[in-house]
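A.B. asks: This is a predicted model, with the sequence first.
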Amino acid sequence: MKAIKFLLLGALLMATASCSNDDEALAPNAGYTAVQQKALTILNGTWVSNEVKVSYDMGGSSVTMEVFPSDSLVFLSQFPAPQSFYAYDYLQGKETESFVACGTCERYTIGAVWGESSPACYYYVTPSGDALHLYNVESELPVKSYAFRAESATRFYAGVAYNTPIVFNKK
């Protein structure tokens, strides 16, 4: 009789443990804050920023120059949980966390004279949702950081350049 009770108790314990593990495995975006999860729901597809132009008055003539070209971000994939990347730190003599990423994207600078672009990037939305950071896939070094304030599911504010707001719109 004790053996049957022991087997039933063991089976019940295993069933309870397996159910809780299934719930955790099925939880989408585990490890992200609620703000990050909401940001990740909109960060997909292609987003394009406005270009910033500055006008100068030179001897009665107005000259307009593009000082901040438009960026295009193509969000490709999202990790189910934040993924840490490590690099060897010679001074500490060990691997240390270099950055954390939420997924992959491509970044292109449209109309840039110098052709600045970093096609393959990792991206990270901060837990408070106030910044978007990009890291080069090959070098794993920072590429660009934007302020991040989602104004809607199709528009986000990304900072200021030359007193002009930078705004990304979803295409």
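C.D. replies: Nice, I can see it. Here the structure is a predicted model, which means the values were calculated and not measured.
A.B. asks: phi, psi of residue 59?
C.D. replies: Dihedral angles phi and psi of residue 59 (degrees, to the nearest 10) take the values phi 60, psi 40.
A.B. asks: Check the spacing between it and residue 162 real quick.
C.D. replies: Between residue 59 and residue 162 the computed distance is 22 Å (C-beta to C-beta, to the nearest Å). Yep, even glycine has a C-beta here, placed from its N, CA and C like the rest.
A.B. asks: Name the residue in the two with the higher neighbour count.
C.D. replies: residue 162 (10 against 5; other C-beta atoms under 10 Å).
A.B. asks: Report the contact partners of residue 85.
C.D. replies: Contacts for residue 85 were tallied using C-beta atoms under 8 Å, 6 or more residues apart in numbering; they are 97-101, 122, 135, 140.
A.B. asks: Also residue 31?
C.D. replies: 81-82.
A.B. asks: Wait, a strand at it?
C.D. replies: No - counting by DSSP: H, G, I helix; E, B strand; the rest coil, residue 31 is not part of a strand but coil.
A.B. asks: ok, longest strand in this protein?
C.D. replies: Criterion DSSP state E: the longest strand present in the chain is strand 70-89.
A.B. asks: pLDDT (mean, whole number) over that strand?
C.D. replies: Mean pLDDT, computed over strand 70-89, is 94.
A.B. asks: Please save the CA atoms from whichever strand or helix holds residue 150 in PDB.
C.D. replies: Element membership of residue 150, judged by DSSP states H and E, is strand 149-152. Coordinates of each C-alpha in strand 149-152 appear next as PDB, following Å, rounded to 0.1, in the frame of the first residue of the first chain:
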ATOM      1  CA  ARG A 149       9.800  57.100 -27.800                       C
ATOM      2  CA  ALA A 150       7.000  55.300 -29.700                       C
ATOM      3  CA  GLU A 151       4.300  57.800 -30.700                       C
ATOM      4  CA  SER A 152       2.200  55.000 -32.300                       C
END
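A.B. asks: what's the span of stretch 62-75, first residue to last?
C.D. replies: This stretch, stretch 62-75, spans 38 Å end to end (C-alpha to C-alpha, to the nearest Å).
A.B. asks: tally of neighbours for residue 166?
C.D. replies: Neighbour tally, residue 166, other C-beta under 10 Å: 20.
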